[in-house]
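Student: here is my input, please return the structure:
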Amino acid sequence: MKKFIPLLLAVFAVTLASCEKDPDMDKLDNNYLVYTNYDKKADFKTFQTYYLPDSILVIGDSKEAEYWKDENAQEILNAYISNMNSRGFTREDNREAADIGLQVSYVRSTYYFTDYGRPEWWWNYPGYWDAPYWGNWGGWYYPYAVNYSYSTGSFITEMLNLKAPQGQSEKLPVLWTSYMSGLLSGSSSVNAKLAVQGVNQAFTQSMYLTGK
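Tutor: As a prediction, the model looks like this:
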């Protein structure tokens, strides 16, 4: 089930519930939006462990891989850890021992790219396959429709099934996706606290994410 749920939605619910079924999106353009989608055939209770790198891949205009590792990045990553642990999953330091993996990417700039024809346009970005090494697959794929766009200052999170059959002819399934926009503050820097709220909201609207 696809969802666009803005943070602070409760504020609008009080004023709009009596006259509209859904909020007027024209009034929410300046708010932080969280989108989530998932594989309807996935049974998340069959997964117990997960692997999350200690850095966030930065997608920008550089031709070299960049990774975000400072205190703000760790605060955001800790939000993923807290949510995953509270859903019954256990974090693994060894990727090869994990059932699922989380790839977290920050879109600092889309200037580097020229092909926006497919939703996975960022997959050819330097570093996306270099680190962490997810395994021996011929690529990734979404077993569900993805039809949203990306903007500077957004986050992309993909949950990968690391137990899928490996091989150059095999595709690594993306079980769950979250997309968060509206992260930039007035100084064009990431608002880490708002990003943490966005991560929490992504899990809040994804109640099906429950481990064994």
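
Student: could you use CA atoms for every contact and neighbour count after this?
Tutor: Noted.

Student: Asp54 contacts Asp70, correct?
Tutor: No. In this structure, Asp54 is not within contact of Asp70 by C-alpha atoms under 8 Å, at 10.0 Å.

Student: neighbour-wise, which of these two wins?
Tutor: Using other C-alpha atoms under 10 Å as the criterion, Asp54 and Asp70 rank with Asp54 on top: 17 against 11.

Student: tell me which element the more buried one falls in.
Tutor: When elements are assigned from DSSP states H and E, Asp54 belongs to no helix and no strand.

Student: same check, this time on the one 3 residues further on
Tutor: Following DSSP H and E, the helix or strand that holds Leu57 is strand 56-59.

Student: could you name the helices and strands sitting against the helix or strand that comes right after that strand?
Tutor: As assigned by DSSP H and E, the chain's next helix or strand after strand 56-59 is strand 66-68. When contacts are defined as 3 or more C-alpha pairs under 8 Å, 6 or more residues apart in numbering; DSSP states H and E, strand 66-68 packs onto strand 56-59.

Student: make it 10 Å
Tutor: Judged by 3 or more C-alpha pairs under 10 Å, 6 or more residues apart in numbering; DSSP states H and E, strand 66-68 is in contact with strand 56-59, strand 100-107.

Student: among those strands, which gets the worst mean confidence?
Tutor: For the helices and strands packed on strand 66-68, the weakest mean pLDDT is recorded on strand 56-59, namely a mean of 85.

Student: and the strands in the chain, which stretches?
Tutor: 3-6, 33-38, 49-51, 56-59, 66-68, 90-91, 100-107, 140-141, 154-161, 172-181 (DSSP state E).

Student: same list (those) but as JSON lines, adding distance to Val199 and mean neighbour count.
Tutor: What follows is the strands of the chain, written out as JSON lines (distance: least, C-alpha to C-alpha, whole Å; neighbours: other C-alpha atoms under 10 Å):
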{"stretch": "strand 3-6", "distance to Val199": "12", "mean neighbour count": "18"}
{"stretch": "strand 33-38", "distance to Val199": "8", "mean neighbour count": "22"}
{"stretch": "strand 49-51", "distance to Val199": "16", "mean neighbour count": "24"}
{"stretch": "strand 56-59", "distance to Val199": "14", "mean neighbour count": "25"}
{"stretch": "strand 66-68", "distance to Val199": "17", "mean neighbour count": "16"}
{"stretch": "strand 90-91", "distance to Val199": "17", "mean neighbour count": "19"}
{"stretch": "strand 100-107", "distance to Val199": "11", "mean neighbour count": "22"}
{"stretch": "strand 140-141", "distance to Val199": "23", "mean neighbour count": "14"}
{"stretch": "strand 154-161", "distance to Val199": "9", "mean neighbour count": "22"}
{"stretch": "strand 172-181", "distance to Val199": "8", "mean neighbour count": "23"}
